[in-house]
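Participant: any chance you can model this:
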Amino acid sequence: MPRLPNPLLRATTYTRLLHLWVPMLVVSLWLFIDPSTPWMPALFLVPLGLLPAVRRGEGVQARLMLTPGEPEPGISEAPAATWRDRLRTVLWLELRMALGAVTVFASVWLLVTAFELARCAGGGTPPGMPLLERLPPHPAWALLTPLPLLVLYGVAVGLGELITAAARRLLGPSAAERLAALERRTEQLLERTRIARELHDSIGHALTLAVVQAGAARTAGDPEFTDRALAAVEETGRAALEDLERVLGVLREAERPLSARPTLADAGRLLESARASGAKVDAEVTGPVAAVPGPVSREGYRILQECLTNALRHAGAVPVRVRVAVAGGTLALEVRNPLPGAVPGPGRGSGLRGIRERAALLGGTAVTGPKEGDWRVRAELPLG
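Facilitator: Take a look at the predicted model:
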């Protein structure tokens, strides 16, 4: 029982009631023009609802007045894109006008009834109301005076809920809009996955190089080598900070275009960084690498980065053979290094999984594992 007056305290109850009354303003104006055809405004709604922009206007109005403050009310603000949407808009306009007429009639009739019951209780005679005109004046009618007001309360709340449910049904997103929203959501999830993978590759690579270089400098006992190692740590740290700033910029502002990501044309920086860490990198590049499409070249760079990171992390300063070839519509990338000792499991780390995922997203393949005493990663990415 204490919850009964709650709707009276919510602003939504009154905005919904106002939303139902608005169409009656048009009807009232028309009755001044031609009172003999009160149905004419409903006829005008048919061609009006077929206009694409009307659906957008009704959606905006419904969101503001029927579901104020709701982040996802289930009401579209897009114009009608199909004939199905236009017919749904026509049905919505007709239903809104019909419920508006019921609301106005019920409100007026119930308010007048409550007023006349109060007059009867005060000794007056209610004129012009068939149900009340024969009632004798008596104070007992005061007990029935709240009854029409309670009915009006139920009508206002009930019709408000009904028109809101109808708006979600008739002004809700179409199948095409739901599909587009799902695609946008999927793209956002994929973008977050890509950002997480890039952070793993970039920051993981930088930290691995810094650890290896710092350890080598500490044990080398050679001031010249120490200077080179510290310079490499500084360069790697700067590159990692640039990648981190770019990724954080994407997270802060989703609409901001991505700055240029590194491609295989920038692979020299990776190779020099690995050499500065003590690895003996034997690199061979064949074919028109500069002509590789941007997405393939960027993912190839990240795959090479992860391969060098894994080599330094698990094998240390060992010879690493890098082969990059562009031929026959395919980018082939292979990285091999001696195994550090015991043969590891078949690619259980997130880095190796990321390599395979990157290749699969581009329609290519990636193979990781031991081969002829080496640890080998071979990726083939189609250029098409």
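
Participant: hmm, Arg84 is touching Glu177, no?
Facilitator: No - applying Cβ atoms under 8 Å, one finds Arg84 not in contact with Glu177, separated by 11.6 Å. C-beta coordinates here come from the backbone N, C-alpha and C atoms, glycine included.

Participant: count of neighbours near Arg10?
Facilitator: Arg10: 13 surrounding residues under other Cβ atoms under 10 Å.

Participant: please apply the same query to Gly373.
Facilitator: Neighbour count for Gly373, taken as other Cβ under 10 Å: 10.

Participant: now it. Its backbone dihedrals?
Facilitator: phi 80, psi 0 (degrees, to the nearest 10).

Participant: what sits against it?
Facilitator: Pro338, Leu339 (Cβ atoms under 8 Å, 6 or more residues apart in numbering).

Participant: hang on, the earlier thing: for Arg84 and Glu177, indicate the residue with more neighbours.
Facilitator: Glu177 (15 against 12).

Participant: which helix or strand contains that one?
Facilitator: Assigned by DSSP states H and E, Glu177 belongs to helix 175-220.

Participant: which is the succeeding secondary structure element to that helix?
Facilitator: Downstream of helix 175-220, the first helix or strand assigned by DSSP H and E is helix 223-252.

Participant: for that following helix, packing partners?
Facilitator: Using 3 or more Cβ pairs under 8 Å, 6 or more residues apart in numbering; DSSP states H and E, the elements in contact with helix 223-252 are helix 175-220, helix 267-276.

Participant: check the ones you listed for me: which has the lowest mean pLDDT.
Facilitator: When the helices and strands packed on helix 223-252 are ranked by mean pLDDT, helix 175-220 comes last with a mean of 71.

Participant: okay, now the domains of this protein?
Facilitator: If you go by automatic domain parsing, the domain ranges for the chain are 6-173, 179-382.

Participant: lowest average pLDDT across the ones you listed?
Facilitator: domain 179-382 has the lowest average pLDDT among the domains of the chain, namely a mean of 77.

Participant: what about the nearest residue to Val60 once chain neighbours are set aside, is that helix, strand or coil?
Facilitator: Ranked by Cβ to Cβ, 6 or more residues apart in numbering and with sequence neighbours excluded, the top spatial neighbour of Val60 is Glu77, at 5.4 Å. Look at Glu77: counting by DSSP: H, G, I helix; E, B strand; the rest coil, its state is coil.

Participant: what residues are up against Glu77?
Facilitator: Contacts of Glu77 (Cβ under 8 Å, 6+ apart): Arg56, Gly59, Val60, Arg63.

Participant: could you measure it against Leu93, distance?
Facilitator: Distance of Glu77 to Leu93, computed by Cβ to Cβ, to the nearest Å: 16 Å.

Participant: what's the answer for Leu209, then?
Facilitator: Applying Cβ to Cβ to Leu209 and Leu93 gives a distance of 66 Å.

Participant: which one's more surrounded, the two?
Facilitator: Leu209 (28 against 22).

Participant: residues in contact with that one?
Facilitator: Ala232, Val233, Thr236, Ser273, Ala274, Ala276, Ser277, Thr309, Leu312.

Participant: correct me, but the fourth one touches Thr236?
Facilitator: Yes - counting by Cβ under 8 Å, a contact exists between Ser273 and Thr236, whose distance comes to 5.5 Å.

Participant: and for the nearest residue to Asp266 once chain neighbours are set aside, the neighbour number?
Facilitator: Distance criterion Cβ to Cβ, 6+ apart; nearest residue to Asp266, sequence neighbours excluded, is Tyr301 at 6.5 Å. Using other Cβ under 10 Å, Tyr301 has 21 other residues around it.

Participant: and what of Ala332?
Facilitator: Neighbour count for Ala332, taken as other Cβ under 10 Å: 18.
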